[in-house]
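Engineer: kindly return the folded structure for what I paste below:
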Amino acid sequence: MQNRFVLISGCSGGGKSTLLAELSARGYPVVEEPGRRIIADQRASGGTALPWVDAAAFLRRAIDVAVNDMTAARAQSGWVFFDRGLIDAASALEALTGEPVLHPTCSVHRYHRCVFMTPPWPEIYVTDSERRHGFEAATAEHRRLMETLPALGYDVIHLPKTSPAERAHFVLATLSGGVLPKA
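Structural biologist: Numbering: from 1, shown residues only. Purely as a prediction, here's the structure:
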């Protein structure tokens with residue numbers, strides 16, 4: 001099996017976490033979004049590596065977490081699905097600071113060539129205590145990733161605006177060349 005680490009990326013609030021919950025319910029290992037874990041940790045410890053306090057520190061930490069997630073996922077067998085990951089954090093840090101982290105970091109640590117993107121979907125977009133940015137910022141993030149991923153050699157596959165079950169079927173069928181594998 002070619003690289004079995006599958007990145008689910010795209011617009012904030014586009015249904016990534018819901019899709020990953022569906023894949024997990026089907027027995028596939030999933031890796032939670034680094035950003036949400038970092039926010040929970042920083043809030044619990046009184047830290048300042050939060051996107052609305054110190055975005056650069058937050059993104060550097062997200063890069064470290066994503067690399068560690070990829071290392072830990074090697075122990076899993078079969079497809080492993082990532083809710084965001086290294087490319088999302090490195091792309092955002094480079095856009096924010098101009099630091100050239102994207103190509104050196106993301107060239108060494110690779111996901112499966114197919115990256116599944118959630119499109120901007122205003123009908124399901126919501127903010128919460130961890131997602132404080134608005135829909136405009138989410139769509140700008142989506143545009144940045146749509147430029148970044150092909151430049152890194154990934155095939156971007158747009159997820160349809162359908163139910164989580166239909167999206168999971170679409171992902172699994174795409175990865176298996178149209179023949180749906182078992183979990």
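Engineer: strands along the chain, start to end?
Structural biologist: Along the chain, counting by DSSP state E, strands occupy 5-10, 30-31, 80-83, 114-118, 155-158.
Engineer: could you give the angle of the longest one to strand 114-118?
Structural biologist: This means strand 5-10. Here strand 5-10 runs at an angle of 30 degrees relative to strand 114-118 (axes from the mean of the first three to the mean of the last three CA atoms, to 10 degrees).
Engineer: max-length helix in this protein?
Structural biologist: helix 55-73 (DSSP state H).
Engineer: for the helix or strand of the chain with the lowest mean pLDDT, packing partners?
Structural biologist: Least confident helix or strand, the chain: helix 135-151 with a mean of 84, by mean pLDDT, DSSP states H and E. Counting contacts by 3 or more CB pairs under 8 Å, 6 or more residues apart in numbering; DSSP states H and E, the secondary-structure elements packed against helix 135-151 are strand 5-10, helix 86-97, strand 114-118, strand 155-158. (Glycine included, C-beta is placed from N, CA and C.)
Engineer: list the buried residues in it.
Structural biologist: For helix 135-151, a neighbour-count test (16 or more other CB atoms under 10 Å) marks Phe135, Ala138, Thr139, Glu141, His142, Leu145, Met146, Thr148, Leu149 as buried.
Engineer: can I get those in JSON lines with distance to Asn68?
Structural biologist: What follows is the buried residues of helix 135-151, written out as JSON lines (distance: CB to CB, whole Å):
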{"residue": "Phe135", "distance to Asn68": "31"}
{"residue": "Ala138", "distance to Asn68": "26"}
{"residue": "Thr139", "distance to Asn68": "30"}
{"residue": "Glu141", "distance to Asn68": "23"}
{"residue": "His142", "distance to Asn68": "26"}
{"residue": "Leu145", "distance to Asn68": "21"}
{"residue": "Met146", "distance to Asn68": "27"}
{"residue": "Thr148", "distance to Asn68": "21"}
{"residue": "Leu149", "distance to Asn68": "22"}
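Engineer: now flag whichever of the residues you listed is closest to Leu7.
Structural biologist: Within the buried residues of helix 135-151, proximity to Leu7 (CB to CB) peaks at Leu149, which comes in at 8.6 Å.
Engineer: from what I can see that closest one touches Ile157, true?
Structural biologist: No - contact status for Leu149 versus Ile157: not in contact, 10.1 Å apart, counting by CB atoms under 8 Å.
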